[in-house]
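[1] structure, please.
(chains A and B, ligands or ions: 2)
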Amino acid sequence: MQIKGIKDGILVRLEMDEWDIQRGELIDQINAQETFFKGAKLALDVGEQVLHAVDLGRLRDELSEKGITLWAVLSESSITRETALIYGLSTQLQAPRVPSTRNSGGLPIEGEPALFIAKTLRSGNKIVTKGHVVIIGDVNPGAEIIASGSVVVWGKLRGFVHAGAEGDEKAVICALDLSPTQIRIAGKAATAPKRKGKPRAEVVKIQDDHVVAESWRNKGRL
Amino acid sequence: MKAQVITITSGKGGVGKTTATANIGVALAALGKSVVCMDADIGLRNLDVVMGLENRIVYDLVDAIEKRCRLRQAMIRDKRYNTLFLIPAAQTRDKNAISPSDMIRVCDEIRPEFDFILIDSPAGIERGFRNAIAPADMIIVVTNPEVSAVRDADRIIGLIEAEEKDPVRLIINRFNPSLVKRGDMLTSEDVLELLAVDLIGIVPEDESVLVSTNHGQPVVLNHNSLAGKAFENISQRLIGEEVPWMNLDGKSDFFGRLSRLIRSGRS
Ligand SMILES: Nc1ncnc2c1ncn2[C@@H]1O[C@H](COP(=O)(O)OP(=O)(O)O)[C@@H](O)[C@H]1O
Ligand SMILES: [Mg+2]
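    Ligands and ions are numbered 1, 2, ... in the order given. All right, here's what the predicted structure looks like:
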């Protein structure tokens, strides 16, 4: 097991083994260094371990009883990453950079990574992440997304979204159907008004110091 | 014979889980199925009361799990149907007396002998809930058509999905057409559209539910009750029969759209 201090707390990297053994060793380690771990923010690198909701839920509860906040789970397994997201845990320590690509015209196109989630977020689901978020599905009342970048919802947005949560006023929120709900961009909050008529795709952004929602017209830029 | 284990749960308390368990149990027995109704709401037992069997209790689920009796001894045969049994919850024990693996073991022991095992679950996300869903092959979530109940149902459905315990079926209980008409209650469409799970029945608000509960006579036994009829329909759907949707709000067009909604849901 490797333990190191990082900017966001403590990172623990587990040796590959069966999950029960990994978990046991982690707990033993924590018990042995109680004062070091107490109150810590913990990021856990589980390697290829496949973790399901029960496993992670149990571990998170166990850790929180010891006063430790599990905030990130790093893994090569996509199942584990998905499980982590269900519990609102981060799956990366910071937003990675993607290399720029060249299109056929030879102009460099800069891309930025986003967290992609192809499911509906239900009440109680909470996503906190550095970077952008793309949801294919709805965001139901009681669900939350807090992202340092922009948030795109290919579905109905009825939960709480905070884009540009670290102060980026260029961040936007897009949704196919924006129902009355609290949204925030950077330091500014707004309540989406009740819509009249058919749902329409909208983009919410900060313009002249105000949060405004406008229907989507493809102008090629925001 | 290998029983299907169906857990009946909810996000919010008091929405009608126990009522649904008792009535679906009785209706399935009336259809000739062998059924065990298990009360997993440890410490808050009342399935026995709703089924009118409380004064026959000798042993309970926790006694069987802690081996103070055999499982068979904790099973109470119903007064009306000899293929219907109740395993009562313990009255006083705390919820930690049982673990998810205990529940799986108990169900596996009786699965070969029955068609259905119905588990009346505690509400919410406590440990008791995890116990109750652990052995489930299907989970029925009960909600009322009311904002806070639906919000809690959404949460619980998220948890069930996260535990990979699908499929989830939905019962909308205490549906009140006159309140919907006045716009004071969510429509079934609102509820289904938000929760996005398959509906298995809408049960109307019906005061005969309360009356029959007080007499320990589940309302399905009352053939004049609309709620009773709705529970009967649910039971028929559980054994794979197609039953037309009851016309509860007089807007026939709604039910046409409803069946479309169901078909386009997950299979
Ligand atoms: N369809 C209905 N119409 C009228 N009353 C109902 C209906 N369903 C349940 N009730 C009443 O609601 C109360 C709570 O029901 P119960 O089944 O005990 O809920 P839970 O098990 O979810 O806590 C009971 O008093 C019951 O009689
Ligand atoms: Mg109950």
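[2] what sits against A:Asp8?
    A:Lys41, A:Ala43, A:Trp71, A:Ala72, A:Leu93 (Cβ atoms under 8 Å, 6 or more residues apart in numbering or on different chains). (Glycine included, C-beta is placed from N, CA and C.)
[3] 10 Å instead, please
    Neighbour list for A:Asp8: A:Lys41, A:Leu42, A:Ala43, A:Trp71, A:Ala72, A:Ser90, A:Leu93, A:Gln94, A:Lys130 [criterion: Cβ atoms under 10 Å, 6 or more residues apart in numbering or on different chains].
[4] is ligand 1 contacted by stretch B:149-160?
    No: Stretch B:149-160 stays clear of ligand 1 (Cβ under 6 Å from any ligand atom), getting no nearer than 9.9 Å.
[5] that stretch vs chain A: in contact?
    Yes: counting by Cβ under 10 Å from any Cβ of the partner chain, chain A is contacted by stretch B:149-160 at B:Val150, B:Arg151, B:Asp152, B:Ala153, B:Asp154, B:Arg155, B:Ile156, B:Ile157, B:Gly158, B:Leu159, B:Ile160.
[6] what's the span of stretch A:133-148, first residue to last?
    Start-to-end span of stretch A:133-148 (Cα to Cα, to the nearest Å) is 9 Å.
[7] with stretch A:187-206 instead?
    10 Å.
[8] max pairwise distance over the contacts of A:Asp8: which two?
    A:Leu42 and A:Lys130 (17.1 Å; Cβ to Cβ).
[9] so which of the two has more stuff around it?
    A:Leu42 (22 against 18; other Cβ atoms under 10 Å in any protein chain shown).
[10] for residue 87, give me its contacts.
    I went with chain A, as the question did not name one. A:Ala53, A:Leu56, A:Gly57, A:Leu59, A:Arg60, A:Leu70, A:Val73, A:Gly124, A:Asn125, A:Lys126, A:Ile127, B:Ala162.
[11] not what I meant, chain B
    B:36-40, B:47-48, B:57, B:59-61, B:64, B:71, B:74-76, B:106, B:110, B:117, B:119-120.
[12] next: A:Ile117.
    A:82, A:85-86, A:125, A:127, A:133-137, A:139, A:145, A:153 are the contacts of A:Ile117 under Cβ under 10 Å, 6+ apart.
[13] quick one on the thing from earlier: ok, the contacts of A:Tyr87 vs ligand 1, which is closest?
    A:Gly124 (19.3 Å; Cβ to the nearest ligand atom).
[14] residues near that closest one, how many?
    A:Gly124 has 23 nearby residues by other Cβ under 10 Å.
[15] so it touches B:Ile160, yeah?
    No: with contact defined as Cβ atoms under 10 Å, A:Gly124 does not reach B:Ile160; the gap is 11.8 Å.
[16] walk me through the domains of chain A.
    A:2-86, A:112-221 (automatic domain parsing).
[17] ligand 1: which of the ones you listed is closest?
    Comparing the domains of chain A by Cβ to the nearest ligand atom, domain A:112-221 comes nearest, at 18.3 Å.
[18] tell me the residue of chain A that sits nearest chain B?
    A:Arg122 (3.4 Å; Cβ to the nearest Cβ).
[19] contacts only, for the closest residue to that residue other than its chain neighbours.
    Nearest non-adjacent residue to A:Arg122, counting by Cβ to Cβ, 6 or more residues apart in numbering or on different chains: B:Gly158, 3.4 Å away. B:Gly158 is in contact with A:53, A:86, A:119-125, A:140, A:142-143, B:11, counting by Cβ under 10 Å, 6+ apart.
[20] same thing but 7 Å
    Shown in contact with B:Gly158 (Cβ atoms under 7 Å, 6 or more residues apart in numbering or on different chains): A:Arg122, A:Ser123, A:Gly124, A:Asn125.
[21] with B:Gly228 instead?
    B:Gly228 neighbours (Cβ under 7 Å, 6+ apart): B:Val219, B:Val220, B:Asn222.
[22] which of these has the most neighbours?
    Busiest of the contacts of B:Gly228 [other Cβ under 10 Å] is B:Val219, holding 28 neighbours.
[23] roughly how far apart are it and chain A?
    To chain A, B:Val219 is 30 Å away according to Cβ to the nearest Cβ, to the nearest Å.
[24] ok so, going back, okay, the contacts of B:Gly158 in CSV with pLDDT and secondary structure next?
    Formatted as CSV, these follow (pLDDT from 0 to 100; DSSP: H, G, I helix; E, B strand; the rest coil):
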residue, pLDDT, secondary structure
A:Arg122, 95, coil
A:Ser123, 93, coil
A:Gly124, 88, coil
A:Asn125, 89, coil
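[25] now for these, which pair is the farthest apart?
    Farthest pair in the contacts of B:Gly158, by Cβ to Cβ: A:Ser123 and A:Asn125, 7.3 Å.
[26] hey, what's in contact with both of the two?
    Common neighbours of A:Ser123 and A:Asn125 (Cβ under 7 Å, 6+ apart) are A:Ala143, B:Gly158.
[27] run through the chain and note the low-pLDDT ranges.
    You didn't say which chain, so I picked chain A. Across chain A, residues meeting the criterion (pLDDT under 70) sit at A:95-107, A:218-222.
[28] let's do chain B instead
    B:1, B:92-95, B:125-127, B:249-267.
[29] try 50
    B:250-257, B:260-261, B:263-267 (pLDDT under 50).
[30] quick one: the helices in chain A?
    A:19-32, A:34-37, A:53-65, A:78-86 (DSSP state H).
[31] ranking the ones you listed by burial, who's on top?
    Most buried of the helices of chain A by mean neighbour count (mean count of other Cβ atoms under 10 Å in any protein chain shown) is helix A:78-86; its value is a mean of 19.
[32] what lies in contact with that helix?
    For helix A:78-86, using Cβ under 7 Å, 6+ apart, the contacting residues are A:46, A:49-53, A:56, A:73, A:75, A:91, A:117, A:125, A:127, B:162.
[33] and these, which of them are buried?
    A:46, A:49, A:51-53, A:56, A:73, A:75, A:91, A:117, A:125, A:127, B:162 (16 or more other Cβ atoms under 10 Å in any protein chain shown).
[34] returning to that earlier point: just the domains of chain A: most buried one?
    domain A:112-221 (a mean of 18).
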